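Visitor: coordinates only, no sequence provided:
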Ligand code: IVH
């Protein structure tokens, strides 16, 4: 039932139930360090409560969880900056994805069709990754993955693991060695540990992964020491000398230096061999004694890994082949509508709780109204659901569509359930009707405003310590923070606010928060842009834009100039390699809308945007714009582009007067003509290679 159609009495009941549920979860999270549901599920519950309270403001209780601002619990560990970022992996879900991956690798490297490329295939352990640094053979520190760049310092906890050496054994290890791998708990240890936890009167952990996470997060390492954590080494970060020539030998060396390495690692020569090893591991899965969620494939030759490099967060030389999603059946008790940062109305099924793959699921996304209609999903239906890894569970199909007395088809409201403005389906970039219905009220809609603010302070955006989802909600509801600029005036207003007197806050946490905010008065161009939460301008695009324009002022001028979507500035934007049309349009629309201009302007009164750094001047092509055309013979187009970018050159798809080099291979046509007309320097592939050395 949507919020707007509830009676006061129904709303009251729902608010009470939700508040109770959230309070219980808060207690587990803050006091017992034992979160029971995922962050996403928790956030969904709070969103629902906020939507109800926004529609029925008279029903907001003084002790409602939405009225409480607690200090963010993490931050209790110090931070460690990874000297080499900790990457994640792209996923493959079927044989075709695996063949595509192998094909992509071969194409990128321009491998002769008669030659094979070796890959390793090994279990993907379902735990938490950690990076452990050794200097001259001694364990120096250890960190969690964090956002890939900065992790939490878990040195004391990692030292308690039995199979992590404090001093490396054997010989031949480099002076600096960062070993990376997975911290996990075996099935047998998990059972025994949960019995112990329950005997102590605490809630049992719901699966080994959560138990491992909870154990590693203990602030007191003597508690971690009692937990049966283990570590499998499978990768490395900074090393002062190469570990070997191949992935396989490098990991075997880690084994010789004192680490546990997985014995199911195998070298395979084709996608067929990879898939058959995957099937073998899948069959053996229940006997392994620890949780795995797929098989990881890696290019074996380390020199080829180096050439392949990575794209944004994942290497080109590896992929995770995930196991099929787990399924279960349950009943849809209700359908709620969530309103996201960009106004998207997402229908969410509230399910009778059911265990899928060891996790209790009580929500599933229904995506959009077309999807609901296609599957004819109605409240009260018995449905099959599926959950794969950390992905939000999905409803696959209705199991009892022919039963009697079924409820009426579910209709998505045409008004935003939070602010009641019109919610419409616009056109997507291709001129087709968008499947998503969006609230048209922009930042004036409380749901959109709150979601934008949450995004603004999120980890990859402003990342303000002590300012998380809950704090944003608290400040928003008290009307203290309504737009990003307000965050930066909190301290100056504290005589009135008296944050230190609020429940859950004290003098120290208030001071810490203000200090953390002050620290962010200077922010990098890419973070600033990402933080604005512009549709289609994610982390990758923000990075591309910052790298292209370097100066934030220049960027803003160019976006203004691009407003008519024609002319020099617009075409320059379109020519940025990797930026799609959707992002370009959305960026220009967003930053030319008066209400957004005002928000950005207000914010800029309090923060300074640091221009992006010009690429290192070591390379003669740094900062130059290059276009590739025609057939390249020595390298694939992708590798040539990636190499140019790694040297700080900008790769563009079209020739203009801003182009510095046109690299033209055989068969070059219109681009070559245009370049010649404009007097752009034209070089052959060999000349280009000589130029970049
Ligand atoms: S390799 C640059 N190998 O899976 C490549 N990762 O979904 C780094 N994981 O963040 C990862 N088992 O935490 C690799 N055998 C394995 C793995 C593995 C588990 C985790 C790791 C990574 C995540 C990506």
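Guide: Arrived safely. Because the structure is a prediction, the values reported are computed rather than measured. Numbers count the residues shown, from 1 in each chain.
Visitor: and residue 88, helix, strand or coil?
Guide: Following DSSP: H, G, I helix; E, B strand; the rest coil, we place residue 88 in the coil state.
Visitor: that one touches residue 315, doesn't it?
Guide: No: using CB atoms under 8 Å, residue 88 makes no contact with residue 315, being 9.2 Å away. (C-beta placed from N, C-alpha, C; glycine too.)
Visitor: which of the two has more neighbours?
Guide: Set residue 88 next to residue 315 and count neighbours by other CB atoms under 10 Å: residue 315 wins out with 18 against 15.
Visitor: give the bridge partners for the more buried one, please.
Guide: residue 310 (DSSP bridges).
Visitor: touching the ligand at all, stretch 208-221?
Guide: No: Stretch 208-221 does not reach the ligand (CB under 6 Å from any ligand atom); its nearest approach is 10.8 Å.
Visitor: what's in contact with that stretch?
Guide: 33-35, 76-77, 126-128, 130, 144, 154, 156-157, 159-160, 183-187, 190, 193-194, 205, 223-224, 227, 229, 290-291 (CB atoms under 8 Å, 6 or more residues apart in numbering).
Visitor: which among these count as buried?
Guide: With neighbours counted by 16 or more other CB atoms under 10 Å, those contain buried members at 33-35, 77, 126-128, 130, 144, 154, 156-157, 159-160, 183-186, 190, 193-194, 205, 224, 227, 229, 290-291.
Visitor: name the residue of the stretch 301-450 of the chain that lies nearest to the ligand.
Guide: As assessed by CB to the nearest ligand atom, the ligand sits closest to residue 315 within the stretch 301-450 of the chain, at 4.7 Å.
Visitor: my bad, the chain
Guide: residue 129 (3.2 Å).
Visitor: mind listing what that residue touches?
Guide: Counted by CB under 8 Å, 6+ apart, residue 129 has contacts 86, 144, 145, 180, 181, 182, 183.
Visitor: at 6 Å instead, please
Guide: By CB atoms under 6 Å, 6 or more residues apart in numbering, the contact list for residue 129 reads 145, 182.
Visitor: in strands, which of the contacts of stretch 208-221 appear?
Guide: 128, 130, 144, 183, 184 (DSSP state E).
Visitor: how about the residues of the stretch 151-300 of the chain by the ligand?
Guide: Going by CB under 6 Å from any ligand atom, the residues of the stretch 151-300 of the chain near the ligand are 182, 234, 235, 296.
Visitor: count the residues that sit near residue 474.
Guide: There are 22 residues near residue 474, going by other CB under 10 Å.
Visitor: before we move on, what SS does it have?
Guide: On the basis of three-state DSSP, residue 474 is classed as helix.
Visitor: where's it relative to residue 453, distance?
Guide: Residue 474 sits 11 Å away from residue 453, going by CB to CB, to the nearest Å.
Visitor: so which residues on the stretch 1-150 of the chain come close to the ligand?
Guide: 87, 88, 89, 122, 124, 125, 129.
Visitor: generate a ChimeraX selection restricted to the buried entries among these.
Guide: A single ChimeraX command selects the buried members of these (16+ other CB under 10 Å):
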select :87,89,122,124,125,129
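Visitor: quickly name whichever of the residues of the stretch 1-150 of the chain next to the ligand is closest to residue 241.
Guide: residue 87 (21.2 Å; CB to CB).
Visitor: for that closest one, give me its contacts.
Guide: 310, 313, 314, 315.
Visitor: go with 7 Å
Guide: 148, 310, 313, 314, 315 (CB atoms under 7 Å, 6 or more residues apart in numbering).
Visitor: same deal with residue 684?
Guide: Contacts of residue 684 by CB under 7 Å, 6+ apart are residue 664.
Visitor: for this protein, what's the longest helix?
Guide: Counting by DSSP state H, the longest helix found in the chain is helix 8-30.
Visitor: now do the SS call for residue 124.
Guide: When the rule is three-state DSSP, residue 124 gets the label strand.
Visitor: got phi/psi on the closest residue to it other than its chain neighbours?
Guide: Excluding the flanking residues, the one nearest residue 124 by CB to CB, 6 or more residues apart in numbering is residue 294, at 4.1 Å. Phi and psi for residue 294, reported as degrees, to the nearest 10, are phi 160, psi -170.
Visitor: helix, strand, or coil at residue 332?
Guide: strand.
Visitor: per-residue pLDDT, it?
Guide: On pLDDT, residue 332 comes in at 97.
Visitor: can you check residue 434 too?
Guide: Reported pLDDT for residue 434: 90.
Visitor: and for residue 617?
Guide: So, for residue 617, pLDDT stands at 67.
Visitor: again with the one 5 residues further on
Guide: Taken from the predicted model, the pLDDT recorded for residue 622 is 88.
Visitor: so what's it closest to, chain neighbours aside?
Guide: That would be residue 648: by CB to CB, 6+ apart, it lies 3.5 Å from residue 622.
Visitor: give me every residue that touches residue 93.
Guide: Taking CB under 7 Å, 6+ apart as the test, what residue 93 contacts is residue 322.
Visitor: what about 10 Å?
Guide: Contact partners of residue 93, counting by CB atoms under 10 Å, 6 or more residues apart in numbering, are 294, 320, 321, 322, 323, 324, 325, 388.
Visitor: which among the residues you listed end up buried?
Guide: 294, 320, 321, 322, 323, 325, 388.
Visitor: let's see which of those residues end up in strands.
Guide: Per DSSP E, the subset of those in strands is 294, 320, 321, 322.
Visitor: got those as a markdown table, with pLDDT and distance to residue 626 columns?
Guide: Shown next, in a markdown table, are these (pLDDT from 0 to 100; distance: CB to CB, whole Å):
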| residue | pLDDT | distance to residue 626 |
| --- | --- | --- |
| 294 | 95 | 38 |
| 320 | 97 | 33 |
| 321 | 97 | 35 |
| 322 | 93 | 37 |
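Visitor: any idea which element residue 181 lies in?
Guide: Element membership for residue 181 (DSSP states H and E) is strand 176-184.
Visitor: just checking, what packs against that strand?
Guide: If you count contacts as 3 or more CB pairs under 10 Å, 6 or more residues apart in numbering; DSSP states H and E, strand 176-184 packs onto strand 119-125, strand 128-135, strand 138-144, helix 208-216, strand 230-239, helix 247-256.
Visitor: got the buried residues for the fourth one?
Guide: By neighbour count, with 16+ other CB under 10 Å as the criterion, the buried positions of helix 208-216 are 208, 209, 210, 211, 212, 213, 214, 215, 216.
Visitor: pick out the most distant pair among those residues.
Guide: 208 and 216 (12.3 Å).
Visitor: pretty sure residue 327 sits in a helix.
Guide: No: with three-state DSSP as the criterion, residue 327 is strand rather than part of a helix.
Visitor: for it, which residues make a bridge with it?
Guide: Bridge pairing for residue 327 - DSSP bridges - gives residue 386.
Visitor: now the residue nearest to residue 622, what's its secondary structure?
Guide: Reduced to three states by three-state DSSP, residue 648 is coil.
Visitor: hmm, residue 625 and it touching each other?
Guide: No: Residue 648 lies out of contact with residue 625 (CB atoms under 10 Å); the separation is 11.1 Å.
Visitor: more neighbours, those two?
Guide: A side-by-side neighbour count of residue 648 and residue 625, using other CB under 10 Å, places residue 625 first with 23 against 19.
Visitor: give me every residue that touches the closest residue in space to the more buried one that isn't next to it in sequence.
Guide: Among residues not flanking residue 625 along the chain, residue 650 sits closest, at 4.6 Å (CB to CB, 6+ apart). By CB under 10 Å, 6+ apart, the contact set of residue 650 is 544, 547-548, 575-577, 615, 621-627, 644, 658-660.
Visitor: how close does residue 270 get to residue 115?
Guide: Residue 270 is 12 Å from residue 115, by CB to CB.
Visitor: more neighbours, these two?
Guide: Set residue 270 next to residue 115 and count neighbours by other CB under 10 Å: residue 270 wins out with 14 against 8.
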